[in-house]
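Visitor: Structural data only, the sequence is not supplied:
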C-alpha cells in the first residue's frame with residue numbers, strides 16, 4: 001500500500017493520540033493540528049491525502065476551515081462533531097466535507113471510512129492518458145503520433161498515404177476537400193485531371209475502416225465536389 005498522509009485536526013489531544021495509534025498501525029503518515037488556522041498552515045507546507053476535521057475548535061472552527069480548504073484543494077474531508085443533529089451533519093457536508101461522524105465514535109468505523117474515502121479519491125484522480133495526439137470521429141480513433149488507426153477498438157493498418165488522407169479529412173470535419181486539393185496536400189505535387197489516384201486511395205481506406213464501404217459512415221462523397229468526414 002502506498003503511504004498516504006492524513007491530517008488530524010482536533011483540539012482534544014486524547015482523540016488525536018488515540019487515532020494516531022490506529023492510523024500508524026495501518027501504515028499512514030500522520031500530521032497534527034489543533035485548530036483550523038494550524039490546519040491551513042500545515043496544508044501550505046505539506047501534501048495531504050485526507051483530513052479528519054473536528055467542527056468545534058478555538059480560533060477557527062471546522063466549518064470555516066473546510067470552506068477555506070475547498071477554495072484550493074479537493075482531498076477527502078471527514079468531519080467530526082459532538083453534535084449529532086441532522087442539521088449539523090447537513091451543514092458539515094454542505095461546506096464541502098465528504099463524510100461526517102458524531103462523537104463519540106468507534107475508531108474502527110472511522111478507519112473503514114478513511115480507507116473508503118482514500119480508495120474513491122485515488123480512483124477518481126488516476127491520471128488519464130493524454131489525448132492531444134488523437135482525433136476521434138465516433139468509433140474511429142486516429143493517433144497522429146503513433147500513426148495508429150482504430151475502429152471500435154480494432155486496429156486498422158493504413159499505408160502512409162492512406163493515413164495522411166484520413167488525417168487531413170478528420171482534422172477538418174465537415175470541410176469538403178476536392179480531389180485536386182487532397183492530391184496536392186498529400187502528394188505535395190501538382191494534380192493532373194486524368195489522375196484517379198485519390199479515388200483509388202479513398203476506396204482502399206473505406207474498405208479498411210467502413211463496415212459497408214458502399215454506404216460509408218466516415219468518409220462521405222459530396223458528388224461533383226469531393227470528400228469529407230462529417
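Guide: Yep, it's here. This one's a predicted model, so the numbers in the text were calculated from it and none came from an experiment.
Visitor: Have a look at the protein and report its longest helix.
Guide: helix 107-124 (DSSP state H).
Visitor: Other residues contacting that one?
Guide: 4, 6, 18-19, 22-23, 26, 28, 49-50, 52, 75-76, 78, 98-99, 101 (Cβ atoms under 8 Å, 6 or more residues apart in numbering). In short, each C-beta sits where N, CA and C put it, glycine included.
Visitor: Go again with 10 Å.
Guide: With Cβ atoms under 10 Å, 6 or more residues apart in numbering as the test, helix 107-124 has contacts from 1-2, 4, 6, 15, 18-19, 21-23, 25-26, 28, 49-52, 74-78, 80, 98-101, 105-106.
Visitor: Check what pLDDT residue 101 gets.
Guide: Reading off the confidence values, residue 101 has pLDDT 86.
Visitor: lowest confidence element among the helices and strands of the chain?
Guide: Here the helix or strand of the chain ranked lowest by mean pLDDT, DSSP states H and E is helix 86-94, holding a mean of 64.
Visitor: Report the angle between the helix or strand containing residue 6 and helix 107-124.
Guide: Assigned by DSSP states H and E, residue 6 belongs to strand 5-9. Per axes from the mean of the first three to the mean of the last three Cα atoms, to 10 degrees, the angle that strand 5-9 makes with helix 107-124 is 130 degrees.
Visitor: Now do strand 5-9: which elements does it pack against?
Guide: Counting contacts by 3 or more Cβ pairs under 10 Å, 6 or more residues apart in numbering; DSSP states H and E, strand 5-9 packs against helix 13-25, strand 29-33, helix 36-45, strand 50-54, helix 62-70, strand 77-81.
Visitor: repeat that for 7 Å
Guide: With contacts taken as 3 or more Cβ pairs under 7 Å, 6 or more residues apart in numbering; DSSP states H and E, strand 5-9 sits against helix 13-25, strand 29-33, helix 36-45, strand 50-54.
Visitor: Deepest in the core, which of those is it.
Guide: Looking across these with neighbours counted as mean count of other Cβ atoms under 10 Å, the highest average goes to strand 50-54: a mean of 25.
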